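**Q** Provide a 3D model corresponding to the input given below.
(2 chains)
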Amino acid sequence: MDVLKVSNLVKNYGSFCAVNGVSLKVQKGEILGLLGPNGAGKTSLIHSIVTVEDFQKGSIEVCGYNLKKEIRLCKSMIGYMPQEIINHSYFNVEEVLYYHSGYYGCFNNKDYIEHLMKKFALWEHRKKRIIQLSGGMRRRLLLAKSLVHNPELLLLDEPTSGVDVSLRDDIWEFVRRLRDEGKAILFTTHYLEEAEKLCDRVAIIHKGELVRHNKTISLIQEFTLRKLGVQLKTKVNVVHKYLKLNTENYLEFHIPFSLDIGRLLEEAGLSLSQIQDIQIQEGSLEDVFKDVLDGE
Amino acid sequence: MLNSTQLKSIQTRIKWLPFIAFFRREIHRFSKVFIQTIFIPVINSSMYLIIFGVSLGSRLDLEGFSYLEFIIPGLVMMSCLSNAFQNSASSILSLKFAGDIVDVRVSPLTIQQTLWALAFGGVCRGILVGGVVLVVGELFHFYYLDRWLIPHSIGGLFAFSVLAGLVFSKMGVVIALWAKTFDHIGAVGGLVITPLTYLGGVFFSLEMLSPFWQKASLFNPILYFINGVRWSLIGMSDVTVVVSLIVSGLALVVCHVGGVLMIKNSQYYRRW
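**A** Next up is the predicted model:
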């Protein structure tokens, strides 16, 4: 089931087109990673979904409801964690969560708020004002806030930006658990390794356009080359179209995922008795990303 | 897709509860800083009562009313509208400055609900401070004139206080959304609102002015709020109460439309 469906979305700022005809879907129990360099249009897209910005063309549906026609209903089903830290001048952690929950019409959920505070290690700090919290605590609070009304769709705009390794791991774990509970999650990040580990599917946006969109593993297999390093016992003269490096006793092939290694070795005229060692380095999402940027 | 029960449950939940939550937040916000929002305005108004009402006022007499009697309604209204203005303006400024304006924008709160919650928050603070100033005024009145000040029309007092509170709260929303810095809000407060309030007849009757300034003052909407409350409290007014009500109503419509347009415009309704 599509929890989020964005169709041909166009978002302009004056004559500048920030998002140009982007279409994507996020399904129940799925994490979609939205990647792209700075200024690619990720935040404009997210802002259009959470109605912080208006968009000019296209449509957005949340759980099958059109965002422009059923704006309040759609908003009530979206949890949003913004990129920027929010300070909340007057209130403490508990009050912030209580009022935020109230904005979504949830009043009788003190137990759930308590559960969230404990889950995000905020319980001890619940009486502290936001200004007294560390950066990591504030990020946890932002995440707790986005969940306080138990939304169907979660939009996390760079949730791990500027956090330490331990908190990052915690956030990953939370996000995975939420996915397993059936939430649909749209996740933006600049950490490609993180996206590779966490996201079921990835959409890469560049200059406002969606340039890659598929399952993470499929993107890697389709758009990257595996590096096959062959350490030889003695120097052998090899000629092959995928051979990229040929030094003393070492050969390096860059091969597509679909190519069988046995066949490659056969084509290169190499037998197992000539080989001392083989190392395989798979492609990564970073390679896909670089491929997109190089293709400009 | 949601089933009909889930849909109905969400629709019921988001109908009024977001408004109630935001309104409660507004009340909680100003009560958290009550020294600044309630105590100090009350002290300031008491100083006016001592200096103008008691020290200088003993030498003045206005149409059979003592000067102390004359300025109590003006001070009540001045406190009410300036606090209503400051409440919504500071709320918006803190939302813009701290960034939680995003929370309000992405929530199911409608533009109307946002504006009315801010306005009612301002009205509550305005009436609270105005009410305390009235109590202090009553004490002064009893002490110096040996009798309590009996309101001429309690309904009128309530109506004008609420109307003035709503108008100035919404004006606060408009100006705070327009403001790009804290300086802007200070400039509008100090250069526009305060002079108009002082010139709106808090401390004097229109009859004390020259004919030109009498006519010029009629263009000051604050004059009508102050005279509305003066009529409600002591039965005296420079303008008829019906005209005061009409002008107050028109001012409310103008400020409401302004507030809606500003909240609708994402250029203004955003984080600094």
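**Q** residue in the stretch 101-250 of chain B nearest to chain A?
**A** B:Ser107 (3.6 Å; Cβ to the nearest Cβ). All C-beta spots, glycine's among them, are computed from the backbone N, C-alpha and C.
**Q** swap that for chain B, please
**A** Closest point on chain B to chain A, by Cβ to the nearest Cβ, is B:Ala21, at 2.5 Å.
**Q** So which bits of the strand or helix carrying that residue are buried?
**A** Applying DSSP states H and E as the criterion places B:Ala21 in helix B:4-32. For helix B:4-32, the neighbour count (16 or more other Cβ atoms under 10 Å in any protein chain shown) marks B:10-11, B:13-14, B:17-19, B:21-27, B:29-30 as buried.
**Q** quick one: average pLDDT of it?
**A** When pLDDT is averaged over helix B:4-32, the result is 94.
**Q** So which other helices or strands are in contact with it?
**A** Other elements packing on helix B:4-32 under the criterion 3 or more Cβ pairs under 8 Å, 6 or more residues apart in numbering or on different chains; DSSP states H and E are helix A:71-76, helix A:93-103, helix B:67-98, helix B:111-145.
**Q** C-terminal to that helix, which secondary structure element comes first?
**A** Helix B:4-32 is succeeded, C-terminally, by helix B:34 (DSSP H and E).
**Q** Could you check that next one against chain A for contacts?
**A** No. Judged by Cβ under 8 Å from any Cβ of the partner chain, helix B:34 stays clear of chain A, getting no closer than 11.9 Å.
**Q** shaky segments in chain B?
**A** B:58-63 (pLDDT under 70).
**Q** Around chain A, pick out the residues from it.
**A** Going by Cβ under 8 Å from any Cβ, the residues of chain B near chain A are B:1-2, B:7, B:10-15, B:17-18, B:20-22, B:24-25, B:28-29, B:32-33, B:94, B:97-100, B:102-110, B:266, B:270-271.
**Q** if you set the cut-off to 7 Å instead, what comes out?
**A** B:1-2, B:10-11, B:13-14, B:17-18, B:21-22, B:25, B:29, B:32, B:94, B:98-100, B:102-110, B:266 (Cβ under 7 Å from any Cβ of the partner chain).
**Q** and B:Thr110, what does it touch?
**A** Contacts for B:Thr110 (Cβ atoms under 7 Å, 6 or more residues apart in numbering or on different chains) come out as A:Arg72.
**Q** Quick check: it vs B:Lys15, distance?
**A** Per Cβ to Cβ, to the nearest Å, B:Thr110 is found 10 Å from B:Lys15.
**Q** B:Leu233 now?
**A** With Cβ to Cβ as the criterion, B:Leu233 and B:Lys15 are 39 Å apart.
**Q** Next: A:Leu264.
**A** Taken as Cβ to Cβ, the span from A:Leu264 to B:Lys15 is 66 Å.
**Q** State which one residue of the stretch 1-150 of chain A is found closest to chain B.
**A** Counting by Cβ to the nearest Cβ, the stretch 1-150 of chain A gets nearest to chain B through A:Gly102 (2.5 Å).
**Q** what sits against that residue?
**A** B:Leu17, B:Pro18, B:Ala21.
**Q** Output the residues you listed as CSV; include the columns distance to A:Gly41.
**A** Formatted as CSV, those follow (distance: Cβ to Cβ, whole Å):
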residue, distance to A:Gly41
B:Leu17, 35
B:Pro18, 30
B:Ala21, 33
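**Q** What is the nearest of these to B:Ile246?
**A** Proximity of those to B:Ile246 (Cβ to Cβ) peaks at B:Pro18, which lies at 33.3 Å.
**Q** which residues does that closest one contact?
**A** So B:Pro18 contacts A:Gly102, A:Tyr103, A:Tyr104, A:Gly105, B:Ser107, B:Pro108, B:Leu109, B:Gln113 (Cβ under 7 Å, 6+ apart).
**Q** Look up the closest residue to the last one, ignoring the ones flanking it.
**A** Nearest residue to B:Gln113 in three dimensions, chain neighbours excluded: B:Phe19, at 4.0 Å (Cβ to Cβ, 6 or more residues apart in numbering or on different chains).
**Q** thought that neighbour was touching B:Ala117?
**A** Yes. Between B:Phe19 and B:Ala117 there is a contact under Cβ atoms under 7 Å: 5.5 Å.
**Q** From A:Gly295, how far off is the residue nearest the centre of chain B?
**A** The centroid of chain B falls nearest to B:Leu81 when counting by Cα atoms, centre = their mean (2.5 Å). Distance, B:Leu81 to A:Gly295, using Cβ to Cβ: 62 Å.
**Q** Taking the stretch 151-296 of chain A, what residue is nearest to chain B?
**A** A:Glu152 (8.7 Å).
**Q** Distance across stretch A:243-256, terminal residue to terminal residue?
**A** Criterion Cα to Cα, to the nearest Å; first-to-last residue distance in stretch A:243-256 is 12 Å.
**Q** can you list the residues that contact it?
**A** A:225-232, A:234-235, A:238, A:240, A:242, A:264.
**Q** Can you name the helix or strand that A:Pro37 falls in?
**A** Using DSSP H and E, no helix or strand contains A:Pro37.
**Q** Neighbours of it, how many?
**A** Using other Cβ atoms under 10 Å in any protein chain shown, A:Pro37 has 15 neighbouring residues.
**Q** With A:Phe107 instead?
**A** Neighbour count of A:Phe107, defined by other Cβ under 10 Å: 14.
**Q** How about it: what's its closest non-neighbour residue?
**A** Nearest residue to A:Phe107 in three dimensions, chain neighbours excluded: B:Leu17, at 6.2 Å (Cβ to Cβ, 6+ apart).
**Q** where are the low-confidence patches of the stretch 51-200 of chain A?
**A** For the stretch 51-200 of chain A, applying pLDDT under 70 flags no range at all.
**Q** Would you mind listing what in it touches chain B?
**A** Counting by Cβ under 7 Å from any Cβ, the residues of the stretch 51-200 of chain A close to chain B are A:51-54, A:63-64, A:72-73, A:75-76, A:80, A:82, A:84, A:86-90, A:99-100, A:102-107.
**Q** ok, and what's touching the helix or strand A:Glu61 falls within?
**A** Using DSSP H and E, A:Glu61 sits within strand A:57-62. Applying Cβ under 7 Å, 6+ apart, the contact partners of strand A:57-62 are A:3-10, A:48-49, A:66-67, A:74, A:77-78, A:153.
**Q** The residues you listed, buried ones only, as a ChimeraX selection?
**A** Here is the ChimeraX command that selects only those of the contacts of strand A:57-62 that count as buried (16+ other Cβ under 10 Å):
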select /A:3,4,5,6,9,10,48,49,67,74,77,78,153
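**Q** wait, the residue nearest to the centre of chain B sits on B:Gly126?
**A** Yes. Counting by Cβ under 7 Å, B:Leu81 touches B:Gly126, with 6.4 Å between them.
**Q** Now do the shared contacts for those two.
**A** Common contact partners of B:Leu81 and B:Gly126 (Cβ under 7 Å, 6+ apart): B:Gly165.
**Q** check contacts around A:Glu84.
**A** So A:Glu84 contacts B:Gly99 (Cβ under 7 Å, 6+ apart).
**Q** Tell me the secondary structure of it, please.
**A** coil (DSSP: H, G, I helix; E, B strand; the rest coil).
**Q** Centroid-nearest residue for chain A?
**A** A:Gly33 (2.5 Å).
**Q** count of neighbours near B:Gln214?
**A** Neighbourhood size, B:Gln214 [other Cβ under 10 Å]: 14.
**Q** Is it correct that it falls within a helix?
**A** Yes. Counting by three-state DSSP, B:Gln214 is found in a helix.
**Q** Identify the residue spatially nearest to it, adjacent ones excluded.
**A** B:Leu206 (5.1 Å).
**Q** before we move on, what about B:Gly57?
**A** Closest residue to B:Gly57 apart from its sequence neighbours, by Cβ to Cβ, 6+ apart: B:Tyr67 at 3.0 Å.
**Q** Look at the one you found and say how many residues are nearby.
**A** B:Tyr67 has 19 nearby residues by other Cβ under 10 Å.
**Q** tell me which element B:Leu177 is part of?
**A** helix B:154-178.
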